[in-house]
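1. Predicted model, plus sequence, below.
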Number of protein chains: 2
Amino acid sequence: MSEIWLKKVNWSDDGLVPAIAQDASSGRVLMMAWMNHEALKQTVQTGEAVYWSRSRKKLWHKGEESGHVQRVQEIRLDCDNDVLLLCVEQVGGIACHTGRESCFFRVLTKGRWVEVETAIKSPEAIYSNTLLPKGMHKK
Amino acid sequence: MSEIWLKKVNWSDDGLVPAIAQDASSGRVLMMAWMNHEALKQTVQTGEAVYWSRSRKKLWHKGEESGHVQRVQEIRLDCDNDVLLLCVEQVGGIACHTGRESCFFRVLTKGRWVEVETAIKSPEAIYSNTLLPKGMHKK
């Protein structure tokens, strides 16, 4: 596979770019995570979102533990070649490790970040089949 | 003004967080730029998006030269407190310095980034009243 398209991406000094995931049906912005060269390559090859976990310092196939994978319908690159936008089908309707549809569930209201959405499913229920150290689900 | 809400944001080591701007009416993701403490504070105070330009190393009131300001309707913070999502009214319908509605106008298609949108207005027309050095409009 020619990889000219991978070289076109303006990777930062640490080899990453932000990747925004937007829900294909609702249009909601679900999350933002990071991709390196290999994560983007695997995302394209598998058709499912693979990010680079900065906390775990490893590739992170989104949904690998929760089942909440993201089927990628489209990948866009911005004018400066340094931000990716993924149009995804969010399996399970939950993108956030807290059990919410979107990671953006806090709204600034009169000087406070107010949670405006409750969890669809508890993290305990989502990750009930796994025994994971604290922070494992953090991007 | 109490600034507890500003301290709640998990600023990176260089004092920045990514800020995604989404169009309030169309739902399109328009752009992603960066904010520091002061940029977010001014955004809230003025009701218009103010970013931190990493290339110019200064605050950047989006639209200050083009007139394409972003009126902020809502600000959200993600689960990890390190990404902002702005719901905006994009004045002029153009967010990108290339004259397009959105900065995300290239789609990965068969191993190539293909431009799928043309400019609504040329950059020359947008910035005709100003004489700016190359790169001035880059984030």
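-> Looks like it came in fine.

2. In chain A, where's the longest helix?
-> Counting residues, the longest helix found in chain A (DSSP state H) is helix A:37-46.

3. list the contacts for the nearest residue to residue A:104 once chain neighbours are set aside?
-> Distances taken as C-beta to C-beta, 6 or more residues apart in numbering or on different chains place residue B:76 nearest to residue A:104, at 4.1 Å, with adjacent residues excluded. For glycine as for every other residue, the C-beta is placed from the backbone atoms N, C-alpha and C. Residue B:76 makes contacts with A:104, A:105, A:106, A:107, A:108, B:84, B:85, B:86, B:87, as judged by C-beta atoms under 8 Å, 6 or more residues apart in numbering or on different chains.

4. same for the least confident helix or strand in chain A by mean pLDDT, what does it pack against?
-> Within chain A, no helix or strand scores below helix A:123-126, which has a mean of 89 by mean pLDDT, DSSP states H and E. Here helix A:123-126 touches no other helix or strand, going by 3 or more C-beta pairs under 8 Å, 6 or more residues apart in numbering or on different chains; DSSP states H and E.

5. So which bits of that helix are buried?
-> Across helix A:123-126, burial judged by 16 or more other C-beta atoms under 10 Å in any protein chain shown covers residue A:126.

6. Please report how far residue A:46 lies from residue A:90.
-> For residue A:46, the distance to residue A:90 equals 16 Å [C-beta to C-beta, to the nearest Å].

7. got it, and residue A:25?
-> Residue A:25 sits 9 Å away from residue A:90, going by C-beta to C-beta.

8. Between the two, which is the more surrounded one?
-> residue A:90 (25 against 11; other C-beta atoms under 10 Å in any protein chain shown).

9. thinking in terms of the whole chain, how far from its middle is the least confident helix or strand of chain A?
-> Taking C-alpha atoms, centre = their mean, to the nearest Å, one finds helix A:123-126 lying 18 Å from the centre of the chain it belongs to.

10. which residues touch it?
-> Residues outside helix A:123-126 that contact it (C-beta under 8 Å, 6+ apart): A:66, A:68, A:94, A:97, A:98, A:99, A:137.

11. can you pull the pLDDT of the first one?
-> The predicted structure scores residue A:66 at 91 on the pLDDT scale.

12. that's a helix at it, yeah?
-> No - with DSSP: H, G, I helix; E, B strand; the rest coil as the criterion, residue A:66 is coil rather than part of a helix.

13. Skip the chain neighbours and tell me the closest residue to it.
-> Closest residue to residue A:66 apart from its sequence neighbours, by C-beta to C-beta, 6+ apart: residue A:126 at 4.8 Å.

14. For chain A, which residues score under the pLDDT cut-off?
-> Within chain A, the segments meeting pLDDT under 70 span A:1-2, A:129-139.

15. which residues touch residue A:120?
-> By C-beta under 8 Å, 6+ apart, the neighbours of residue A:120 are A:93, A:94, A:99, A:100, A:101.

16. same deal with residue A:30?
-> Neighbouring residues of residue A:30 by C-beta under 8 Å, 6+ apart: A:21, A:22, A:23, A:70, A:88, A:90, A:95, A:96, A:101, A:102, A:103, A:104.

17. cutoff 6 Å now
-> By C-beta atoms under 6 Å, 6 or more residues apart in numbering or on different chains, residue A:30 lies in contact with A:21, A:23, A:90, A:95, A:102.

18. Roughly how far does the last one sit from residue B:6?
-> Summarising the geometry, the distance separating residue A:102 from residue B:6, computed by C-beta to C-beta, is 22 Å.

19. Nothing else from me, thank you.
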